[in-house]
Each structure stands twice: as structure tokens, then as C-alpha cells.
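1. pasted the sequence and its predicted model underneath.
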Amino acid sequence: MNIEQFTAALEEKGISLSARQLDQFEMYFKLLVEWNEKMNLTAITEKEEVYLKHFYDSISAAFYYDFSKQASICDIGAGAGFPSIPLKICFPNLQVTIVDSLQKRITFLNHLATQLQLEDVAFYHDRAETFAKRDGMRESFDITMARAVARLSVLSELCLPLAKVGGTFIAMKAAAAEEEMEKGNHAVKVLGGEMQRIENFRLPEEDSERNILFIAKKRQTPKKYPRKPGTPNKLPIEK
Ligand SMILES: C[S@@+](CC[C@H](N)C(=O)[O-])C[C@H]1O[C@@H](n2cnc3c(N)ncnc32)[C@H](O)[C@@H]1O
């Protein structure tokens, strides 16, 4: 997807980018590739692929959810900033918090935010399991989201405790989401969530399936969750 196609595809979805926003994406691409030579940030480095598989794919959540309002987002395991940084570029009104367990990625994100002059962004080197125990963080975000971090039964324990009651947990998935949903539904309920809808589409130019799960945070998460780091993955809440 070249820049013209990227701009047109977003325009079609009602997202128009200014010259400044396009510059920010261009700088993001350059820094990603430059820093990737020193540290492992992504396997995707070819320009048109970065625009499609990282930028467009991250923004696709906005085709199904209104990010144009003032809202706080916590992006768990964002790595090099996906999906929340492309969303922040498109919707500067968002307050973005990223939590990632790899320090190197947080160093990159701090540099990126300075270069792109992003405001209202905060980056934490932590695991979601311990971040949720910090003062003021638990059940404090309007939206919690993650792309390519863990299967739903595990991911729910990382994301739902951080979403406020009345908020939304958005899980961005590739294929096989239906099966994951069936297995993950129990964890979603236990943690205070309720599956709302699943949006399914294919990435343009690729025959690659994408699923975005929207889960409403209905009730408070029981105090015992999240469990210790590593436990959600070792002993997922599954029936
Ligand atoms: C496969 S990468 C995905 C990165 C990004 N979301 C994307 O879509 O490109 C998974 C990331 O999740 C982070 N991660 C995994 N488990 C985590 C946890 N429990 N808490 C915080 N970050 C975690 C890893 O450090 C890594 O950066």
C-alpha cells in the first residue's frame, strides 16, 4: 500500500489526514526502520508493507469504533507502538498509555513520541499483571486494547482489569478468532466483561483475515485478578 493508497483508503472510511499527520507517519516509518537495525522491533520493514500491515491495520479499529471523542486508551504489549500510535496520529484527542515488558521498545517509543511531538502519551516498562496493581491504574481507562499479544483467555486477564466499568476492551486478532472467542468467553465473563460484537474483514491487497473483538466492561473485575506475572499464560481462565 503506497502513501496515496493509504490516504485514499482512510479517506474512504471518513478519516482525512493533514500534511502534518502524513509527515508523522513518514517519520514513524523512517525511525522504525532505523531503530530496527539496532534492536528487534518488527519483521516488516518494506515501506508499502509497513503502511499496510502496521499503520492501516492498526487504524482499522477506527472503522468500527468512534475514536474521535476524548478518551483514554491503555495499549498492552504495543511493542513498536501498534495499534495505539497510528490511532493517536489520526486522533490527536486520544490520551494514550502503553505498557510493554521490554525496556528497549519503551526507549524507542519515548524517542518516537519526542520526534513526532506527540502529546498526552505515557509509556511504562512493566507487565500488565503488575501495572494493574499500581496506584490509580486499575479500572481507570476508557479503552484497553491489544494486537498480537496473547490468546483471548489470557489477554482478557491482562486487559479487562485496567478497563473502567462502562469501558471497552478491544482485541485485534488475525484469523481463527471464532474458536478463540468460544474458549475465551468464560474468562471474559469471570473478569467482568461481556462480548459485544466481532468485526471481520480482509486487509486490502492481501488475502489476510482480520477480526476485531469488542468486549464491554460490565462489572468490576474480582480483586484476585490479574494474578502474578506469567500465571495468566500458564493457567489461563478456561473451562
Ligand atoms: C508480538 S508483540 C506485538 C506488538 C504489537 N502489539 C504489534 O501488534 O505489533 C507482543 C508484545 O507484547 C509484549 N508483552 C507480552 N506479554 C506482556 C505482558 N504480560 N505485559 C506487557 N507486555 C507484554 C512483548 O514485550 C511484545 O512487545
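-> Cool, got the structure.

2. flag the shaky bits of this structure, pLDDT-wise.
-> In the prediction, the chain carries no residues with pLDDT under 70.

3. those residues of it touching the ligand, which are they?
-> Applying C-beta under 6 Å from any ligand atom, we find that the chain lies next to the ligand at 76-79, 82, 99-102, 105, 127-129, 147-149, 158. Glycine gets a C-beta too; all of them are placed from N, C-alpha and C.

4. filter those down to the ones in helices?
-> R105, A128, E129, L158 (DSSP state H).

5. ChimeraX command for the buried members of the residues of the chain next to the ligand?
-> With 16 or more other C-beta atoms under 10 Å as the criterion, this ChimeraX line picks the buried residues out of the residues of the chain next to the ligand:
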select :76,77,78,79,82,99,100,101,105,127,128,129,147,149,158
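
6. what about the residues of the chain next to the ligand, which are in strands?
-> Among these, the residues falling in strands (DSSP state E) are I76, V99, D100, R147.

7. now the longest helix along the chain, how far from the chain's geometric center?
-> Longest helix in the chain by number of residues (criterion: DSSP H): helix 19-36. Its chain's C-alpha centre and that of helix 19-36 lie 18 Å apart, by C-alpha atoms, centre = their mean, to the nearest Å.

8. next: stretch 30-46.
-> Relative to the centre of its chain, stretch 30-46 is centred 19 Å away, using C-alpha atoms, centre = their mean.

9. show me what counts as buried in that stretch.
-> By neighbour count with 16+ other C-beta under 10 Å, stretch 30-46 contains the buried residues L31, L32, V33, W35, N36, L41, T42, I44.

10. next one: stretch 202-212
-> Within stretch 202-212, judged by 16+ other C-beta under 10 Å, the buried ones are L203, R210, N211, I212.

11. swap in stretch 162-170?
-> L162, A163, K164, G167, T168, F169, I170.

12. mind telling me what element the third one is part of?
-> Using DSSP states H and E, the secondary-structure element containing K164 is strand 163-173.

13. partners of that strand, with directions?
-> strand 141-147 (parallel), strand 209-217 (antiparallel) (DSSP bridges).
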